[in-house]
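Asks: based on what follows, work out the 3D shape:
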Amino acid sequence: MASEEEAAAAGKLERFLQWLQVNKAELRGCNIKYCDQNKGFGVFSSNDVSDGVLLVVPLDLAITPMRVLQDPLIGPECRAMFEEGEVDDRFLMILFLMLERLRNNSSWKPYLDMLPSTFGNPLWFTDDELLELKGDNTIPGN
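Replies: You can find the predicted model right below:
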């Protein structure tokens, strides 16, 4: 019997696959699977790839600076900041993802739900976790 975690992951994956289909993305020579709570989801190639194309994603699903600048809600303000050199492409895309996460009716919700909510690298470590690494020569500056 599947655990609650596996059932939740299966629901997320099903909604994401439906979202991909509605948005005309194609999984040609791959599939998406849930690995476990530490690894999350992954894209796995299959053996039946005749033309070498694993996945086709329409440009409409690309998160680009232009998408942000064209957004009806935040586009005008972002465009002004971008033209003044106050923000860069990366910042615009981060802003887009944050706002879409906050929007109640975001069409991006199935995609956003697939993204990890925690990260296991030193960039996200607490001060106490970083102290445990003091003297470790794998971390620059120690």
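
Asks: quick one: the residue nearest the centre of the chain and Ser106, what's the gap?
Replies: Taking C-alpha atoms, centre = their mean, the centroid of the chain lies closest to Leu115, which sits 4.3 Å from it. Distance, Leu115 to Ser106, by C-beta to C-beta, to the nearest Å: 13 Å. The way it works is simple: take the backbone N, C-alpha and C, and place the C-beta from them, glycine included.

Asks: the lengthiest helix in the chain: which residues count as buried?
Replies: Longest helix in the chain by number of residues, with DSSP state H as the criterion: helix 4-22. The neighbour-count check on helix 4-22 (16 or more other C-beta atoms under 10 Å) flags Ala9, Lys12, Leu13, Phe16, Trp19, Leu20 as buried.

Asks: next, the contact list for Asp51, please.
Replies: Contact analysis of Asp51 by C-beta atoms under 8 Å, 6 or more residues apart in numbering lists Arg28.

Asks: need the three-state assignment for it.
Replies: coil (DSSP: H, G, I helix; E, B strand; the rest coil).

Asks: pull up the gap between it and Gly29, please.
Replies: 8 Å.

Asks: again with Met93
Replies: Taken as C-beta to C-beta, the span from Met93 to Gly29 is 28 Å.

Asks: can you give me the helices in this protein?
Replies: So, for the chain - with DSSP H - the helices run 4-22, 65-69, 75-83, 89-102, 109-114, 127-132.

Asks: so which helix or strand of this structure has the lowest pLDDT on average?
Replies: Lowest on mean pLDDT, DSSP states H and E among the helices and strands of the chain sits helix 127-132, with a mean of 83.
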